[in-house]
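Enquirer: A structural model of the following input is requested.
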Amino acid sequence: MPEHNDALQPLPTIGWREWLSLPDLKINDIKAKVDTGARTSALHAYFVEEFEKEGEAYVRFSIHPMQKDSTSSVSCESKIVDTRQIKDSGGHEEQRIVIATPVRIAQVEWQVEMTLTNRETMGFRMLLGRTAIAYRYTVDPGRSYLSRPGPRI
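Expert: The predicted model follows:
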């Protein structure tokens with residue numbers, strides 16, 4: 001976690017939704033909802049399959065990175081760092097796989113833990129939760145896409 005010192009310099013500001021990249025997962029553009037109400041970040045995943053690689057637990061999964069587009073797909077693989085019982089905004093509990101992967105907003109990149117879940121029917125393929133942005137960013141809930149414009153879709 002970066003050092004936190006409000007007296008020296010203010011944190012950069014991001015909007016309530018931002019374009020970001022997940023370089024290790026080969027996802028260059030994904031629209032994320034910046035959700036300060038969610039503790040954990042969540043990533044859309046389907047065809048989730050756990051397997052072992054060199055004695056360690058891994059997961060492979062697919063993702064439709066663009067909203068409202070179920071034709072483009074990216075296949076991903078990551079080490080499993082945990083499984084957690086997560087309660088969604090509707091109060092439903094679900095056991096989820098947790099991975100850790102770098103997230104890049106503009107030119108800033110850092111490691112984020114995120115859960116894998118099917119977000120096919122949700123408005124955003126990814127939630128960037130408050131743990132991921134703590135001491136890194138201030139969120140302006142009235143603005144969007146402050147870090148960079150997204151792809152033309």
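
Enquirer: Contact partners for the residue nearest to Ser73 when sequence neighbours are not counted?
Expert: Excluding the flanking residues, the one nearest Ser73 by C-beta to C-beta, 6 or more residues apart in numbering is Ser62, at 5.2 Å. Heads up, the C-betas are built off the backbone N, CA and C, glycines and all. Counting by C-beta atoms under 8 Å, 6 or more residues apart in numbering, Ser62 touches Ala45, Tyr46, Phe47, Ser73, Val74, Ser75, Cys76.

Enquirer: would a markdown table of these with neighbour count and pLDDT be doable?
Expert: As requested, those are exported to a markdown table (neighbours: other C-beta atoms under 10 Å; pLDDT from 0 to 100):
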| residue | neighbour count | pLDDT |
| --- | --- | --- |
| Ala45 | 25 | 95 |
| Tyr46 | 15 | 94 |
| Phe47 | 10 | 95 |
| Ser73 | 14 | 92 |
| Val74 | 16 | 94 |
| Ser75 | 11 | 96 |
| Cys76 | 22 | 96 |
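
Enquirer: These in strands, which ones?
Expert: Under the assignment DSSP state E, the contacts of Ser62 contribute Tyr46, Phe47, Val74, Ser75, Cys76 to strands.

Enquirer: now, which of those residues sits nearest Asp140?
Expert: Nearest to Asp140 among these: Val74, at 29.4 Å, using C-beta to C-beta.

Enquirer: got a list of what that closest one touches?
Expert: Residues in contact with Val74, defined by C-beta under 8 Å, 6+ apart, are Leu25, Lys26, Ile27, Ser62, Ile63, Pro65.

Enquirer: got a winner among those for most neighbours?
Expert: Per-residue neighbour counts (other C-beta atoms under 10 Å) across these peak at Ile63, which has 24 neighbours.

Enquirer: Enumerate the helices of the protein by residue range, in sequence order.
Expert: 130-133 (DSSP state H).

Enquirer: shaky segments in it?
Expert: 1-8, 150-153 (pLDDT under 70).

Enquirer: List the residues that contact Pro141.
Expert: So Pro141 contacts Gly15, Trp16 (C-beta under 8 Å, 6+ apart).
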